[in-house]
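curious how this folds, go ahead:
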Amino acid sequence: MPRLTFILGGAASGKSNYAETLAKGCDILRIYMATAQAFDDEMTQKIARHRAARAGDGWQTIEAPLDLPSALSETPPGALVLVDCLTLWLSNVLLAERDEAADCDALMAALSAHPGPLIVVSNETGQGIVPDTPLGRRFRNAQGRLNQRVAAEADLAVLVAAGLPLVLKGAVP
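Numbering: from 1, shown residues only. The predicted model follows:
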């Protein structure tokens, strides 16, 4: 398994399923680092479905909606960590009015220092329309910068569209 695998795609593209399939191929401790927060009933139900799908399947789940760098640094050495997803994490950071540049720097340092394989999932936000609000444009730009940083560090980068993976960098194990 590569040290850092980056899975990118649009909303509902199949990127999380692809990431989980890659992770299931590893016979080591698997940690699912979830970044979602339930701000409404629909998201509450989605989180419940995701938890139920992983139940009894060898996953340990850690909720890290804001302090993702700290959560990564506290995982056991050698464990595979699947982070799902950077898009929700960055949204949480912006909505909490935190310094996203400092948080992204801390995240990059944590990814670099992690002593085991990582699979990081994120949305590709650069293929949509230009957001009509300042916060939306700030988010899109910050997400694009973060995705570029993670992709540059990744050993394997895969774009998923319609459930189909397209390798952008590296080779699938």
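
from now on I want contacts and neighbour counts done on CA atoms only, so please keep to that.
Fine.

after the lowest-mean-pLDDT helix or strand in the chain, next one along is what?
In the chain, no helix or strand scores lower on mean pLDDT, DSSP states H and E than helix 41-54, which sits at a mean of 84. Using DSSP states H and E, the helix or strand that directly follows helix 41-54 along the chain is strand 59-63.

what separates that next one from the chain centre, distance-wise?
Using Cα atoms, centre = their mean, to the nearest Å, the distance from the centre of strand 59-63 to the centre of the chain it belongs to is 13 Å.

which strands and helices lie in contact with that strand?
If contacts are counted by 3 or more Cα pairs under 8 Å, 6 or more residues apart in numbering; DSSP states H and E, strand 59-63 sits against strand 30-34.

quick one: residues in contact with the strand it packs on.
Strand 30-34 has contacts (Cα atoms under 8 Å, 6 or more residues apart in numbering) with 23, 58-65, 79-85.

which of those sit farthest apart?
Gly58 and Pro65 (21.7 Å; Cα to Cα).

ok, those two, which is more surrounded?
Each of Gly58 and Pro65 has its neighbours counted (other Cα atoms under 10 Å); Pro65 has more, 20 against 14.
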